[in-house]
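Student: Structure, please.
(2 chains)
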Amino acid sequence: MSTRVPVVEKILSANERLAAENRARLDNKGVFSLNFMASPGAGKTSLIEQTVRKLAGQLNIAVIDGDIATSIDADRAAAAGAIAVQINTGGECHLDAAMLQDALPKLDLEKIDVLIVENVGNLVCPASFPLGTHQSILIASIPEGDDKPYKYPGMYRGVDALIINKVDLLPYIPFNMEYFRRGVELLNPGLVTFPLSCRSEEGIEGWLNWVLEAVRNFGKTR
Amino acid sequence: MHELPVTESILEISLRHARQAEARRITDLYLVIGQLASIVDDSVQFYWDIISKDTLADGARLHFRRIETEMRCLDCSLNYKPAASDMACPSCGGSNVRVIAGEEFFLESIDVES
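Tutor: Residues are numbered from 1 along each chain as shown, chains lettered A, B, ... in the order given. The predicted structure is shown next:
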């Protein structure tokens, strides 16, 4: 005899459960955490290097690096002065909450103020897998083109701040900032954005101040 | 790309509910997938055929119900299906809009034999 059994369970509920556990653990240890997401080559690692270097002395920053196979990014973060841990996803296109949960014990969270998780370079999947971090940061870059919010709406919708990297290339690349910003505004009204260049360092200050302010606010709400 | 872990999750959820219902076999699964959920039906089906083998769900059929993206303009209260290239409100052109459907991704129900 056939019976219909109602389920109504989110397919990714297991990930969301683990993400909540990660969040509780980070809250408990007083670690403010950021999830850096972007397409490959947008400048995630460069922004990490800049952030770690410029805020050294003010904050203890750790980096967990998601990469399909290599440790190139974690090595760069470590060279910049961060405590760095590598996660090799073995081909998986995004980090998930379980991978972050496995990586956290490798860090002495008591000694860390800020944890930056560098997701796998990918503009599709990472948005569907919350990790439990406090804020999600999307790094866009000028050479990617101004149509990316329209083509990858999922990524633009779920983030708390947007970096627009490589603005030093604006004179050389056709990029309609108004069109780009309109797409962002439709998907994520009022989203705070930081046009900057990790290479020329213009605009970096605004981003660093945002991080410092976010860490202060995090401290107050705990 | 990430359909394998997703399909494993579908299997885990369906087996758990089937066991709770003391079912002998799962014959059908009814999935609801929003357009924004970036999940490919064929890819889920491909993995499903492999990983459901020798489980209670061996041979079960997957049914996909797709939900179109729907938005709401907060300024003029219009609900609309956005064009692919422009998500702005078609009535007032405004950008004060919210997604109200299209992000769904859940297992709605299963058919089981007891």
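
Student: Report the contact partners of the residue nearest the centre of chain A.
Tutor: Taking CA atoms, centre = their mean, the centroid of chain A lies closest to A:Phe36, which sits 1.4 Å from it. Going by CB atoms under 8 Å, 6 or more residues apart in numbering or on different chains, A:Phe36 touches A:Lys44, A:Leu47, A:Ile48, A:Ile116, A:Val117, A:Glu118, A:Asn119, A:Ile137, A:Ile139. Yep, even glycine has a C-beta here, placed from its N, CA and C like the rest.

Student: Next: A:Leu123.
Tutor: A:Met37, A:Ala38, A:Ser39, A:Lys148, A:Tyr152, A:Met155.

Student: wait, which of the contacts of A:Phe36 is closest to B:Leu78?
Tutor: Comparing the contacts of A:Phe36 against B:Leu78 with CB to CB places A:Ile137 closest, at 32.2 Å.

Student: Any residue of whatever helix or strand that closest one lives in touching chain B?
Tutor: Using DSSP states H and E, A:Ile137 sits within strand A:135-141. No. Using CB under 8 Å from any CB of the partner chain, we find that strand A:135-141 stays clear of chain B, coming within 15.6 Å at best.

Student: Let me know the next secondary structure element after that strand.
Tutor: Next element after strand A:135-141 (DSSP H and E): helix A:148-151.

Student: Any buried residues in that next one, and which?
Tutor: Across helix A:148-151, burial judged by 16 or more other CB atoms under 10 Å in any protein chain shown covers A:Lys148, A:Pro149, A:Tyr150.

Student: So A:Gly66 sits against A:Ile116, correct?
Tutor: No. Using CB atoms under 8 Å, A:Gly66 is not in contact with A:Ile116; the gap is 11.2 Å.

Student: Have a look at the two and say which one is more surrounded.
Tutor: Taking neighbours as other CB atoms under 10 Å in any protein chain shown, A:Gly66 and A:Ile116 compare with A:Gly66 leading, 30 against 25.

Student: now that one: how far from B:Cys89?
Tutor: 37 Å (CB to CB, to the nearest Å).

Student: Please apply the same query to A:Gln135.
Tutor: For A:Gln135 relative to B:Cys89 (CB to CB), the value is 28 Å.

Student: and if you look at A:Lys166?
Tutor: Taking CB to CB, one finds A:Lys166 at 32 Å from B:Cys89.

Student: of those two, who's got more company?
Tutor: Neighbours per residue (other CB under 10 Å) separate A:Lys166 from B:Cys89, with A:Lys166 holding more: 25 against 22.

Student: Identify the residues contacting that one.
Tutor: A:Gly43, A:Ser141, A:Ile142, A:Pro143, A:Ser197, A:Cys198, A:Arg199.
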